[in-house]
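> Dropping the sequence and predicted coords here.
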Amino acid sequence: MLGAAILIGGTTGCAQSNNRNAANNDVQKSAAYSDSKPIIEAAATPSGQERLTFVLVHGSWADASYWNNTAAALRKAGHTVYVPEYAGHGKLYNPSVKHEAIVKSVTDYMTSKKLKNVVLVGHSFGGTVIQKVAEQVPDRIARLVFFDAFVPLDGQSVSDQFPPELQKVFGQLAETSGNGTIKLPFSSFREGFVNTASYALAQTIYKSAKPEPAAPLVQKLDLKKFYSLNIPKSYLFLTSDTVTPQGERYGFHPAQSSHLGQFRLTVGEGDHMTTAYAQPDYLARKLVEAGRK
Amino acid sequence: MLGAAILIGGTTGCAQSNNRNAANNDVQKSAAYSDSKPIIEAAATPSGQERLTFVLVHGSWADASYWNNTAAALRKAGHTVYVPEYAGHGKLYNPSVKHEAIVKSVTDYMTSKKLKNVVLVGHSFGGTVIQKVAEQVPDRIARLVFFDAFVPLDGQSVSDQFPPELQKVFGQLAETSGNGTIKLPFSSFREGFVNTASYALAQTIYKSAKPEPAAPLVQKLDLKKFYSLNIPKSYLFLTSDTVTPQGERYGFHPAQSSHLGQFRLTVGEGDHMTTAYAQPDYLARKLVEAGRK
Amino acid sequence: MLGAAILIGGTTGCAQSNNRNAANNDVQKSAAYSDSKPIIEAAATPSGQERLTFVLVHGSWADASYWNNTAAALRKAGHTVYVPEYAGHGKLYNPSVKHEAIVKSVTDYMTSKKLKNVVLVGHSFGGTVIQKVAEQVPDRIARLVFFDAFVPLDGQSVSDQFPPELQKVFGQLAETSGNGTIKLPFSSFREGFVNTASYALAQTIYKSAKPEPAAPLVQKLDLKKFYSLNIPKSYLFLTSDTVTPQGERYGFHPAQSSHLGQFRLTVGEGDHMTTAYAQPDYLARKLVEAGRK
């Protein structure tokens, strides 16, 4: 049947017909994976795998090292991977960074390296970064992958994606910090960001998180151009992610994902942060499923 | 607790008590599967498996060959499988086919072969076909299985299950075709129908799809008798299916499934079309889980 | 990003910093599980596993034997497990039992055994039992685990968690029983409680269920103290559970779970009752994921 989600927003091309006579039987024989493998693994195994070029953009309470294991897994699988640090984070730590500076870090990086045909992945807050990067260097991007990411509508902030009572807590934490950053209590982080982790791993991930600059999270973004772009988009949703309240109104999927119009849905198991640390090969396969042509 | 979904609609019988004294311990020993197997596989493995008789009814942008691999997998597992082609599709291709002719194809097939105790499976648009077939030959049917299928309420069409803006696109595509059919752009098909497939497999499935006759999709159906029938029903939902927008209002589950009243829910991994091509043994197991007594 | 679900309700502590200098690389090397294991199994494997003390509280249409296999699996994995029977059920069967007597059974059990640091698990109706037990012996409890459980708000009953038309059927079944109990028809039980089971296992579980005393299900509960407690909470949701209609309004998750404010979400495969009988090792791992620090 005609899909609602798949027809909102522009369509981006038509299949080339150079293989139109392939017999149906051949397809079925050359199926992507055999049934003897565990289904969940098989579903992620590309056949005749394309070599992709990834640029990975991390989220809040993280820096580029968040991607260490996943980047290694992607490279092991034959892909090219770039992991730019961005303003205000990691070695560039700065509590008063603005959203524009973050975006500039990534666009400068992609431009200076002359990257082309990029699968641009944004995790969490990184969703808003790749929205704005796409506005500036659309020709360098083959596909945008939103990975449990925020997708504000034009004129909205990340904070606007939360229930009102949370936005308030949000503001209070930033205010009491004295320098406009937000430090999460461990219990909130453990239950919300790393709920599938062992306690030891939860603690280590928590300790690696610097207080997050709040300004980019409450900044209203002009996204008119983003919503006029015709770049293919995917949404990767891990089903135990509870950073936003799951469900219809605030869930990463379907609430944030639905802002994209037509998109490819990729579903996996995992939570907001644990999976990148503890199951990098699995996450890499899901990113390939989401990122491939 | 007393289930809401499970008590709306008639109840269909009572357990026979011929085994009432079986010790609880025995049950637990003879459990359907051991824990050493991957859970996802184990959950689908029937113990002391019933031999079932399946009739498989395909959906739109497909013909009977859609079921080739799955029918083979079901037969390999010991079941009897029938795959009728229906009017307007496959070798019977006809752009101006009506819904009644489609239903007649299936009822005539079941009647001429004197089929009894049938597990009647409808995929996608095929949901509406098995609704109407059930009205006409209820005594031949042991259970209806709706597999990511549309379940219009009395007086509704398939098209009515979509958001208004989609119904409009729907109509426009049919109109511009010149012969009342709908041909989907590749990008819509790839992202919406075969989102978990490799690009190569996505292309092959797309190329196998003829333009779909639109009339049966917008036809309002009299389903009063269907909703008075007392036939057991199951809904098989694959969690990456995005042909309808996922979620509360339009999702195959829970929106379409909830029209059934009391039904058995079977959940699996996969999307709208890839799974039948690439993971037929897995889909076969899910159909058995959904179709068995 | 700042999680909505994770900041409503009190936060319960801060990470101890005794390991603050652990290098990020070390974490990643000592990750909880390797990628060569099936993902679904790996996700449940704790590293450097804590030994936990479980108290398991069953639901309706069940007695303490419901936990037999799961308790054995937890013990095999090194945990201590207590499974109290409660008033009105199993060997204490009594059609006119009240909610208070049920709660007293569990608190007396925990107090007489001087249990401390308990992971208190409530299944289904058992959710309301652990709410009230937590009010009375909060100092004995390390964490509450709601497993596909009801979580009434202050002043509500279990019955209030259902759609109005179901509450009515509910009352009618109790009335026609003559002794204030509810016996479910087999078809309702089979489709709603044990939908993933083989027919043989479905029958055996059904036959083990005595008619359920209705009074505790419709009893309005004073839960003011529960909602002021600062005990960590988890919600374990099995995705094929259809005892409540799945979705936003009545689903165990997110509808019931959201009543908890801040909680840890643990997701698994399975239905309301089959999993405890047929996949006890898997369920045990999920209970550890939900119950650990």
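Nice, thanks for sending it over.
> hey, where'd the strands end up in chain A?
Along chain A, the stretches classed as strands by DSSP state E are A:53-57, A:80-82, A:118-123, A:141-147, A:181-182, A:212-213, A:233-238, A:264-268.
> And those strands: which comes nearest chain C?
strand A:181-182 (6.5 Å; C-beta to the nearest C-beta). Quick note: C-beta positions are derived from backbone N, CA and C, even for glycine.
> Show me what that closest one is packed up against.
Packing partners of strand A:181-182 (3 or more C-beta pairs under 8 Å, 6 or more residues apart in numbering or on different chains; DSSP states H and E): helix A:164-176, strand A:212-213.
> out of those, nearest to chain B?
Closest of the helices and strands packed on strand A:181-182 to chain B is helix A:164-176, at 20.9 Å (criterion: C-beta to the nearest C-beta).
> close to chain C, is the closest one?
Yes: residues of helix A:164-176 are located near chain C by C-beta under 8 Å from any C-beta of the partner chain, namely A:165-166, A:169-170, A:173.
> now swap in stretch A:126-141 and tell me
No: using C-beta under 8 Å from any C-beta, we find that stretch A:126-141 stays clear of chain C, coming within 9.6 Å at best.
> Quickly check: that stretch near chain B or not.
No: figure legend: stretch A:126-141 not in contact with chain B (C-beta under 8 Å from any C-beta); closest approach 15.6 Å.
> Low-confidence regions, chain A specifically.
Applying pLDDT under 70 to chain A flags residues A:1-48.
> Helices of that one, start to end?
Using DSSP state H, the helices of chain A run over A:24-29, A:39-42, A:68-76, A:99-112, A:126-136, A:164-176, A:186-192, A:199-207, A:215-218, A:257-258, A:274-278, A:280-291.
> Tell me which residue of the stretch 51-200 of chain A lies closest to chain B.
Closest point on the stretch 51-200 of chain A to chain B, by C-beta to the nearest C-beta, is residue A:143, at 10.6 Å.
> residue contacts, the closest residue to residue A:209 other than its chain neighbours?
With C-beta to C-beta, 6 or more residues apart in numbering or on different chains as the criterion, residue A:209 has its nearest non-adjacent residue at 3.9 Å, and that residue is residue A:61. Residues near residue A:61 by C-beta atoms under 8 Å, 6 or more residues apart in numbering or on different chains: A:184, A:189, A:193, A:209-210, A:212.
> got it, and residue A:87?
A:94, A:97, A:101-102, A:104-105.
> From the residues you listed, keep the buried residues only.
Those of the contacts of residue A:87 that meet the buried threshold are A:97, A:102, A:104-105, by 16 or more other C-beta atoms under 10 Å in any protein chain shown.
> Quick one: neighbours of residue A:194, just the number.
Using other C-beta atoms under 10 Å in any protein chain shown, residue A:194 is surrounded by 24 other residues.
> shouldn't it be in contact with residue A:207?
No: applying C-beta atoms under 8 Å, one finds residue A:194 not in contact with residue A:207, separated by 11.6 Å.
> and the spatially closest residue to residue A:249 that is not a sequence neighbour, how many neighbours does it have?
The shortest distance from residue A:249 to any non-neighbouring residue, by C-beta to C-beta, 6+ apart, is to residue A:255 (5.9 Å). Residue A:255 is flanked by 18 other residues according to other C-beta under 10 Å.
> contacting residues around residue A:255?
By C-beta under 8 Å, 6+ apart, residue A:255 lies in contact with A:161, A:244, A:247-249.
> residues of stretch A:201-220 that come out buried?
In stretch A:201-220, counting by 16+ other C-beta under 10 Å, buried: A:201-219.
> okay, now the nearest residue in space to residue A:267 that is not next to it in sequence: neighbour count?
Once flanking residues are discounted, residue A:267 sits nearest to residue B:240: 4.9 Å by C-beta to C-beta, 6+ apart. As a burial measure, residue B:240 scores 22 neighbours (other C-beta under 10 Å).
> Please name the residues that touch residue B:240.
Here residue B:240 is in contact with A:265-267, B:195-196, B:269-271 (C-beta under 8 Å, 6+ apart).
> Which entries within these meet the buried criterion?
Using 16+ other C-beta under 10 Å, the buried ones in the contacts of residue B:240 are A:265-267, B:195-196, B:269-271.
> before we move on, the earlier item: may I ask which two of the contacts of residue A:87 are separated the most?
Distance extremes for these: the farthest pair is A:94 and A:104 at 13.2 Å, using C-beta to C-beta.
> between the buried ones among the contacts of residue A:87, which is closest to chain C?
residue A:102 (14.3 Å).
> Would you check that my belief about that closest one contacting residue A:129 is correct?
Yes: here residue A:102 lies in contact with residue A:129, judged by C-beta under 8 Å, at a distance of 5.7 Å.
> any shared contact partners between these two?
Here residue A:102 and residue A:129 have residue A:86 as joint contacts, going by C-beta under 8 Å, 6+ apart.
> distance of the residue of the stretch 101-250 of chain A found nearest chain B from residue B:75?
Proximity of the stretch 101-250 of chain A to chain B (C-beta to the nearest C-beta) peaks at residue A:248, 4.9 Å away. Distance, residue A:248 to residue B:75, using C-beta to C-beta, to the nearest Å: 41 Å.
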